[in-house]
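Asks: When you get a sec, could you give me coordinates for this:
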Amino acid sequence: MVSCVLLLLQTAGVSTAAAADEAAHSGSSCATLTKLSLPKTEITSAQPVPGGDYTAPDGRTYRDLPAFCRVTATVAPSLKFEVWLPATSWNQRLQGVGNGGFAGQISYSAMAPALTAGYATVSTDTGHSASDSANSWISDPTQLEMWGRTSIHLMTVRAKEILAAHYGAGPKYSYFVGGSTGGRQGMIEAQYYPEDYDGIVSKSPGMDYSHVMMEVLWTSQRLAENPDGVLRADDRKLLNDAVLAACAGRDGVRGDPFLNDPRDCGFNPERLKCRAGETDGCLTAEQIATVERIYAPVTNPRTGEELYPGFSRGSESAWHYAAEDPALTSYPQALFGRAVFNDPNWDWRTFDFDKDAALVEKKLAAKIDATNTDLSRFAARGGKLIMTQGWSDDYQAGALPVEYYNRVLLDKGGPQVRSTLREVQDFYRLFMVPGGGHVSGGPGPNAFDALAAVRSWVEQGHAPKKMVATKYVSDRPENGVTVTRPLCPYPQVARYDGSGPTSEANSFRCADDWGDFAADVARVRH
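Replies: Numbers count the residues shown, from 1 in each chain. Prediction:
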């Protein structure tokens, strides 16, 4: 019915977008989507939702949403997803949104702003429910595969078919936005399903997920064995303050509560070691050992192989790894216990960074990690990828995306990485965020619109030479702006021009940093 109405409207001279709007509103077009037949998919409901405040199944109320058609569906055997289709003024674009952690629920908080911006939007629970507190789904190979590799692809293919049935035409452009686990999902799409999206924004991507789990155990095991090494919040602040005092301002800007480029800081935590009789304003020998453990890469104790990079200086205030946190260790306990050791009662304290790390590589990494450096198919079809990573990330090492980017360069161009850089930057740009936290937050300017940047890149061919990031008071826009700074595509960094307010982005320029770039490449090469 929709396609017939669409044809009549187009014949009458109505534009495609307007025709799609009118066609979607002819009769009960939303409700009739339940009759749509899709492979291995059941559409469980299709309901029109009036404009205004909407209370989603997550219990949150989303204000002033436009009217939309809410479609719920399941891909056999267990992948649930939802598509929200604007009732009017659809911008002819699809926005897929990612998940966090182990997922298990629809990301309504990401769907709501996408809908408000005119996108049709889709999200999935990745094949299991977060109510499964024992994480038994990990023991199911199909559900693990959905979470690790296929869920976003499956929901995207089905969403496009639903859009085509509802509007009479599929999306003109498709975008994916995700952070953390969602960032990993975006990288899985670019690496293995490059036809799904025209543009991808991958924020703080947990793309090396199996090794992030090793990072959790790397420090947690030490704290379990040496509880006197725990760093409380005031200890972490003491350390961070000392790092900033030693290294902040090397870019010519004084007073920043973050490091512009942590790679330039070699602060030695031994400077804070308590002397005999001291108890305040210093760290004990056990605490210093914890600090050095977190700064250091995770390594195989027998071979010396680096398994995961260490955390950057300047990120200390938010270190979750520096305190005993059962919520953190529950992740590797569940994932490794069920998927690697086939024992839900496996004790994470027993993990061996030699033989067990090899077992993780063999049994899990290939199923869930997104570290394939071959992006050639995504590049060839014209896809554009923006990756962002905070230097003050509190959950994963800021250096990881830098290492991945340089592996892409090395694998694509061999030793002549500088000559390959332009070719890679034609489709993939990495933006490091000074003082940026995990996906969002952090002490530095952390609010920026990467989706607008990738959309301009895809649709107008304007590759982002920089993105302007804003720091709001208490990270709330309604409280006003404190600082703006440019984010620069790696290997460029923001440099102060020497004049003008340091609180304004236009006082800075993006400059090449070939010295640190060469060091980064050398680290990956060796």
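Asks: OK, contacts around residue 44?
Replies: 34, 72, 73, 74 (CB atoms under 8 Å, 6 or more residues apart in numbering). Using the backbone N, CA and C atoms, a C-beta is placed for each residue, glycine as well.
Asks: Let's see if you can find the most crowded of those residues.
Replies: Within the contacts of residue 44, most neighbours by other CB atoms under 10 Å means residue 73, with 25 neighbours.
Asks: isn't there a strand covering that residue?
Replies: Yes - applying DSSP: H, G, I helix; E, B strand; the rest coil, one finds residue 73 inside a strand.
Asks: hang on, the earlier thing: farthest-separated two in the contacts of residue 44?
Replies: Spanning the widest gap among the contacts of residue 44 are 34 and 74, at 12.5 Å by CB to CB.
Asks: what are the ranges of the helices in the stretch 251-400 of the chain?
Replies: 285-295, 326-339, 355-360, 366-368, 376-380, 399-413 (DSSP state H, counting those that start in this stretch).
Asks: Deepest-packed of those, please.
Replies: Ranked by average neighbour count under the criterion mean count of other CB atoms under 10 Å, the helices of the stretch 251-400 of the chain are headed by helix 399-413 at a mean of 21.
Asks: That one packs against which elements?
Replies: Contact partners of helix 399-413 among helices and strands, from 3 or more CB pairs under 8 Å, 6 or more residues apart in numbering; DSSP states H and E: strand 384-390, helix 417-425, strand 428-433, helix 514-525.
Asks: let's go with 7 Å and repeat that
Replies: Packing partners of helix 399-413 (3 or more CB pairs under 7 Å, 6 or more residues apart in numbering; DSSP states H and E): helix 417-425, strand 428-433, helix 514-525.
Asks: Now the element after the shortest one, going C-ward?
Replies: Proceeding C-terminally, strand 428-433 gives way to helix 450-460 as the next helix or strand, assigned by DSSP states H and E.
Asks: From residue 203, how far off is the closest residue to residue 315 other than its chain neighbours?
Replies: Sequence neighbours aside, residue 392 is the residue nearest to residue 315 in space, at 4.3 Å (criterion: CB to CB, 6 or more residues apart in numbering). With distances taken as CB to CB, to the nearest Å, residue 392 is found 14 Å from residue 203.
Asks: Pick out whichever of these two has more residues nearby.
Replies: Legend: neighbour count by other CB under 10 Å for residue 392 and residue 203, higher for residue 392 (30 against 24).
Asks: got a list of what that one touches?
Replies: 258, 314, 315, 318, 435, 436, 437, 442, 443, 444 (CB atoms under 7 Å, 6 or more residues apart in numbering).
Asks: isn't residue 259 right next to residue 249, touching?
Replies: No - Residue 259 is beyond contact range of residue 249, at 9.5 Å (criterion: CB atoms under 7 Å).
Asks: Could you check which of the two has the larger neighbour count?
Replies: The residue with more neighbours, out of residue 259 and residue 249, is residue 259; 29 against 14, by other CB under 10 Å.
Asks: mind listing what the more buried one touches?
Replies: Per CB under 7 Å, 6+ apart, neighbours of residue 259: 247, 248, 265, 313, 314, 391, 434.
Asks: ok, of those residues, which come out buried?
Replies: Among those, the ones that count as buried by 16 or more other CB atoms under 10 Å are 247, 248, 265, 313, 314, 391, 434.
Asks: quick one: the helices in the stretch 1-150 of the chain?
Replies: Going by DSSP H, counting those that start in this stretch, the stretch 1-150 of the chain shows helices at 2-11, 16-24, 108-116, 141-145.
Asks: worst average pLDDT in these?
Replies: Sorting the helices of the stretch 1-150 of the chain by mean pLDDT places helix 2-11 lowest, at a mean of 38.
Asks: on that earlier part again, out of the helices of the stretch 251-400 of the chain, which gets nearest to residue 98?
Replies: helix 366-368 (14.3 Å).
Asks: tell me, how many neighbours does residue 350 end up with?
Replies: Quick note: residue 350 (other CB under 10 Å) scores 10 neighbours.
Asks: The one 3 residues further on too?
Replies: Residues within reach of residue 353, counting by other CB under 10 Å, total 20.
Asks: Once you drop chain neighbours, what's closest to residue 313?
Replies: Per CB to CB, 6+ apart, closest to residue 313 is residue 265, 4.4 Å.
Asks: Enumerate every residue touching that neighbour.
Replies: Applying CB under 7 Å, 6+ apart, the residues contacting residue 265 are 243, 247, 259, 313, 314.
Asks: average pLDDT across stretch 221-229?
Replies: pLDDT averaged over stretch 221-229 gives 94.
Asks: quick one: contacts of stretch 323-336?
Replies: In contact with stretch 323-336 (CB under 7 Å, 6+ apart) are residues 135, 138, 213, 216-217, 220, 223, 230-232, 320, 346, 348, 360.
Asks: And the furthest pair within these?
Replies: 138 and 232 (32.5 Å).
Asks: quick one, which of those two is more surrounded?
Replies: residue 138 (23 against 11).
Asks: Now do residue 510: how many residues are near it, please.
Replies: Using other CB under 10 Å: residue 510 sits among 15 other residues.
Asks: Just grab the bridge partners of it for me.
Replies: As for beta bridges, residue 510 partners with residue 494 under DSSP bridges.
Asks: mind listing what it touches?
Replies: 465, 466, 486, 488, 492, 494.
Asks: Show me which of those is closest to residue 67.
Replies: Using CB to CB, the contacts of residue 510 come closest to residue 67 at residue 466, 37.1 Å.
Asks: Which pLDDT value does the model give that closest one?
Replies: Residue 466 is assigned 98 on the pLDDT scale.
Asks: what about it, distance to residue 449?
Replies: Taken as CB to CB, the span from residue 466 to residue 449 is 12 Å.
Asks: more neighbours, these two?
Replies: Neighbour count, other CB under 10 Å: between residue 466 and residue 449, residue 466 has more, with 19 against 14.
Asks: didn't the more buried one look like it was pressed against residue 486?
Replies: Yes - the criterion here is CB under 7 Å, and residue 466 meets it with residue 486 at 4.3 Å.
Asks: Run through the stretch 251-400 of the chain and note the low-pLDDT ranges.
Replies: 324 (pLDDT under 70).
Asks: repeat that with 80
Replies: 251-252, 321, 323-327 (pLDDT under 80).
Asks: Alpha carbons of stretch 38-53, in CSV - could you do that?
Replies: Extracted C-alpha coordinates of stretch 38-53, given in CSV (Å, rounded to 0.1, in the frame of the first residue of the first chain):
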residue,chain,number,x,y,z
LEU,A,38,11.6,-10.9,6.6
PRO,A,39,14.0,-13.8,6.7
LYS,A,40,14.3,-15.4,10.2
THR,A,41,12.6,-12.4,11.6
GLU,A,42,9.3,-11.8,13.5
ILE,A,43,8.0,-8.3,13.8
THR,A,44,6.3,-8.5,17.2
SER,A,45,4.7,-5.0,17.2
ALA,A,46,4.4,-1.8,15.1
GLN,A,47,2.7,1.0,16.9
PRO,A,48,2.3,4.7,16.2
VAL,A,49,3.6,6.9,19.0
PRO,A,50,2.3,10.5,19.3
GLY,A,51,4.6,13.4,19.6
GLY,A,52,5.5,14.6,23.1
ASP,A,53,7.0,13.0,26.2
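Asks: That one: which residues count as buried?
Replies: 41, 43, 46, 49.
Asks: mind putting the residues you listed in TSV, distance to residue 325 and pLDDT included?
Replies: Formatted as TSV, these follow (distance: CB to CB, whole Å; pLDDT from 0 to 100):
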residue	distance to residue 325	pLDDT
41	39	98
43	41	98
46	42	98
49	39	97
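Asks: From residue 238, how far out is the residue nearest the centre of the chain?
Replies: Centroid-nearest residue in the chain: residue 179, 2.3 Å away (criterion: CA atoms, centre = their mean). Distance from residue 179 to residue 238, counting by CB to CB: 30 Å.
Asks: if we can go back for a sec, out of the helices and strands packed on helix 399-413, flag the one nearest residue 67.
Replies: If we rank these by CB to CB, the stretch that ends up nearest is strand 428-433, at 35.4 Å.
Asks: circling back to that earlier point, tell me the buried residues within the contacts of residue 510.
Replies: 466, 486, 488, 492, 494.
Asks: Cheers, nothing more for now.
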